[in-house]
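# please work out how this folds:
(one chain, ligands or ions: 1)
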Amino acid sequence: MSSSNKNLSTFEGTKIPDASSYKFGVVYAEWNHEVTNALKEGAIKTLLENGAKKENIIVKEVPGSFELTLGAQYLAEYSNVDAVICLGCVIQGETRHFDFICDAVAQGITNLNIKYNKPFIFGVLTPDNQQQALDRAGGKHGNKGDEAAVTAIKMLGLKTSFKSESKLGFSK
Ligand code: RBF
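Have a look, this model is predicted:
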């Protein structure tokens, strides 16, 4: 699981599909703004680099990572996005708050994927300290916002592949 020895923001796997026909939502948390702003900027830059149109990227802010689930649901309900990228940073503190927030947002985002049959990408950093977060928000371990954007595009490419291959039709 650990990615501490790798900069995963370079992609050596399958080709990234063209994103020009997709609409994206990006929702990010205000808490730990220096980190989450860098994640957001990385995600937007990566979407644009892969063909997404600026007017097809809707960006919304929520107060904290706990609110990412509902913010993402608002994007799904009130806009016509194909995928939502959820970005936050929960830093381990001295109390159990960390666990509650991380568990809630992980479960919340998982549920949204299933509820809407759309990709909702989990781009929440869960570091021990601010430096670990910065290392993953444009620092020595890359930018997890970039990775979240690529994941969104790849999942949409996967969905589209069923559309083009299906002989039975593609209903949603
Ligand atoms: N939100 C974050 O996105 N990252 C944090 O590190 C974080 N730490 C918190 C620590 C405490 C003690 C509390 C009360 C809230 C924290 N939040 C954090 C905010 C949380 O995600 C949410 O906005 C609030 O709990 C209101 O629902």
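
# so which bits of the protein are right by the ligand?
Residues of the chain lying near the ligand by Cβ under 6 Å from any ligand atom: 29, 31-32, 63-67, 88-91, 93, 97, 101. For the C-beta atoms, the positions are set from N, CA and C on the backbone; glycine is no exception.

# closest to residue 43 out of the residues you listed?
residue 88 (12.1 Å; Cβ to Cβ).

# that closest one belongs to a strand?
Yes: assignment of residue 88 by DSSP: H, G, I helix; E, B strand; the rest coil places it within a strand.

# okay but it is in contact with residue 105, surely?
Yes: taking Cβ atoms under 8 Å as the definition, residue 88 is a contact partner of residue 105 at 6.8 Å.

# overlap of the contact sets of these two?
65, 68, 124 (Cβ atoms under 8 Å, 6 or more residues apart in numbering).

# shouldn't the first one be in contact with residue 31?
Same thing as residue 65. Yes: in this structure, residue 65 is within contact of residue 31 by Cβ under 8 Å, at 6.4 Å.

# overlap of the contact sets of those two?
If you check residue 65 and residue 31 against Cβ under 8 Å, 6+ apart, the residues they both contact are 88, 89, 90.

# where does the last one land on pLDDT?
Residue 90 is assigned a pLDDT of 97 by the prediction.
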